[in-house]
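Trainee: the following comprises the amino acid sequence and a computationally predicted model.
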Amino acid sequence: MMDGPNRPGQGCEGAAMAWIAGGTFLMGSDRHYPEERPSHNVTVAGFWMDQTAVTNWDFARFVAATGHKTIAERPLDPTLYPGAPPDMLVPGALVFRMTDGPVDTRDIRHWWHWTKGAHWRAPEGPGSDISGREDHPVVHVGFEDAAAYAAWAGKALPTEAEWEFAARGGLEDAEFAWGDELAPGGVHLANTWQGPFPWRNFEADGFTGTCPVQSFPPNGYGLHEVCGNVWEWTVDWWGAQHAADPESPCCVAENPRGPGMEASFDPLQPAIRIPRKVVKGGSFLCAPSYCRRYRPAARHAQMVDTGMSHIGFRCIRRP
């Protein structure tokens, strides 16, 4: 753990924290997906960040102390899902299931399945549990659940800029948290998908689903699994691109925030008015053959009310 001002103790907050000294960095990327553009200089102030994602063990302590029920454990509001059949409005979450063979990867319904009774303690649905996975990241947590945990722990969720700065680990404009090669010397440094997605995973990194936290070496700031394993919530509302002007390098944004909530709604689903937040880091489902978002610059839109098999979070604390 790095030293920093007001080093926090270990009370209820769970994961050990690393001091991120802050500074100016090149955020985003002009070389990958359109939503990562434009790359631009950003300055963030120093903060503490959990060295790992919040684990099932951490989250269980929170639930035991507060009685919190996650979004996946509550019925859905029918007014938010016009036209949805009643049997789809019961408690549940989206569970990933590997397909039997090649499928059209333009249709995520081949591998994502709404599963009644799936939640953080039953990640694959009824009959499953987290026994033996206490040190894995908690999943099937919506934004509200992550924010509630953070408040209980005396912490906060990071902004997108804070998250990306920390994930880069001091490497300016590198592809990954460790450099520019996905598997240097054939050594896998993140939990991702190897093989044709979504029907065959060769598990060259040793894992087919989530892995225990600290399974891979930390980045330059002492943070584990900032690439792969699970996507992580940030507090920023989604925008189709970064709101930055690359033609004005003199104007460096300080501690920026994303756009307003109205910009976050999915234009492809105008009847569903569920706002979306930015999630970062990619997951065990990211593959060179499908989703190359296991990079600090990568970003994705996630509806705030949806639990999924590959989304978790980590917290920060500002001085």
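Mentor: Okay, I see it.
Trainee: skipping adjacent residues, who's closest to residue 170 in space?
Mentor: Distances taken as CB to CB, 6 or more residues apart in numbering put residue 220 closest to residue 170, at 4.2 Å, once the chain neighbours are dropped. Backbone N, C-alpha and C define where each C-beta goes, glycine included.
Trainee: so who does the one you found touch?
Mentor: The neighbours of residue 220, taking CB atoms under 8 Å, 6 or more residues apart in numbering as the test, are 169-171, 177.
Trainee: residue 125 now?
Mentor: By CB under 8 Å, 6+ apart, the contact set of residue 125 is 92, 95, 115-118.
Trainee: mind listing the strands for this protein?
Mentor: Applying DSSP state E to the chain gives strands spanning 17-20, 23-27, 40-44, 47-50, 92-96, 112-116, 231-237, 253-254, 276-280, 299-303, 311-312, 316-317.
Trainee: what's the longest one packed up against?
Mentor: In this case it means strand 231-237. Strand 231-237 makes packing contacts with helix 143-152, helix 160-168, strand 276-280, strand 299-303, strand 311-312 when contacts are defined by 3 or more CB pairs under 8 Å, 6 or more residues apart in numbering; DSSP states H and E.
Trainee: mind running it again at 7 Å?
Mentor: helix 160-168, strand 276-280 (3 or more CB pairs under 7 Å, 6 or more residues apart in numbering; DSSP states H and E).
Trainee: hey, which of the ones you listed is tucked in deepest?
Mentor: For these, ranked by mean neighbour count under the definition mean count of other CB atoms under 10 Å, the leader is helix 160-168 at a mean of 26.
Trainee: mind saving the C-alpha coords of that helix as CSV?
Mentor: Once non-C-alpha atoms are left out, helix 160-168 reads as follows in CSV (Å, rounded to 0.1, in the frame of the first residue of the first chain):
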residue,chain,number,x,y,z
GLU,A,160,-14.7,8.2,-14.9
ALA,A,161,-11.6,10.4,-14.9
GLU,A,162,-10.5,9.3,-11.5
TRP,A,163,-11.0,5.6,-12.4
GLU,A,164,-9.1,5.9,-15.7
PHE,A,165,-6.2,7.8,-14.1
ALA,A,166,-5.8,5.2,-11.4
ALA,A,167,-6.2,2.3,-13.8
ARG,A,168,-3.4,3.6,-16.0
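Trainee: run a quick neighbour tally on the residue nearest to residue 274 when sequence neighbours are not counted.
Mentor: Closest residue to residue 274 apart from its sequence neighbours, by CB to CB, 6+ apart: residue 303 at 4.5 Å. Taking other CB atoms under 10 Å as the neighbour definition, residue 303 ends up with a count of 19.
Trainee: who does the nearest residue to residue 260 once chain neighbours are set aside bridge with?
Mentor: Nearest residue to residue 260 in three dimensions, chain neighbours excluded: residue 237, at 6.4 Å (CB to CB, 6+ apart). Using DSSP bridges, the beta-bridge partners of residue 237 come out as residue 277.
Trainee: so which elements touch the one helix or strand in the chain whose mean pLDDT sits lowest?
Mentor: Within the chain, judged by mean pLDDT, DSSP states H and E, the helix or strand with the poorest mean is strand 253-254; its value is a mean of 89. With contacts defined as 3+ CB pairs under 7 Å, 6+ apart, the packing partners of strand 253-254 are strand 40-44.
Trainee: on contacts alone, who are the packing partners of the strand it packs on?
Mentor: strand 23-27, helix 160-168, strand 253-254.
Trainee: is there a quick ChimeraX command that grabs whichever of the contacts of residue 125 are buried?
Mentor: Selecting the buried subset of the contacts of residue 125 in ChimeraX, with 16 or more other CB atoms under 10 Å as the burial test, is done by:
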select :92,95,115,117,118
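Trainee: and which of the contacts of residue 125 is nearest residue 106?
Mentor: Proximity to residue 106 was ranked across the contacts of residue 125 by CB to CB; first place goes to residue 95, at 20.2 Å.
Trainee: OK, contacts around that closest one?
Mentor: Under the criterion of CB atoms under 7 Å, 6 or more residues apart in numbering, the contact partners of residue 95 comprise 113, 115, 118, 124-125, 309.
Trainee: let's see that with 8 Å instead.
Mentor: Contact criterion CB under 8 Å, 6+ apart gives 112-115, 118, 123-125, 309 as the residues in contact with residue 95.
Trainee: what's the spacing between it and residue 305?
Mentor: Distance check for residue 95 against residue 305: by CB to CB, to the nearest Å, it reads 16 Å.
Trainee: out of the contacts of residue 220, who's the most crowded?
Mentor: For the contacts of residue 220, neighbours were counted by other CB under 10 Å; the highest total belongs to residue 177, with 29 neighbours.
Trainee: list the contacts for that residue?
Mentor: Listed by CB under 8 Å, 6+ apart, the contact set of residue 177 reads 167-169, 171, 189-190, 219-220, 223, 226-227, 296.
Trainee: same thing but 6 Å
Mentor: If you count contacts by CB atoms under 6 Å, 6 or more residues apart in numbering, residue 177 has them with 167, 169, 219, 226-227, 296.
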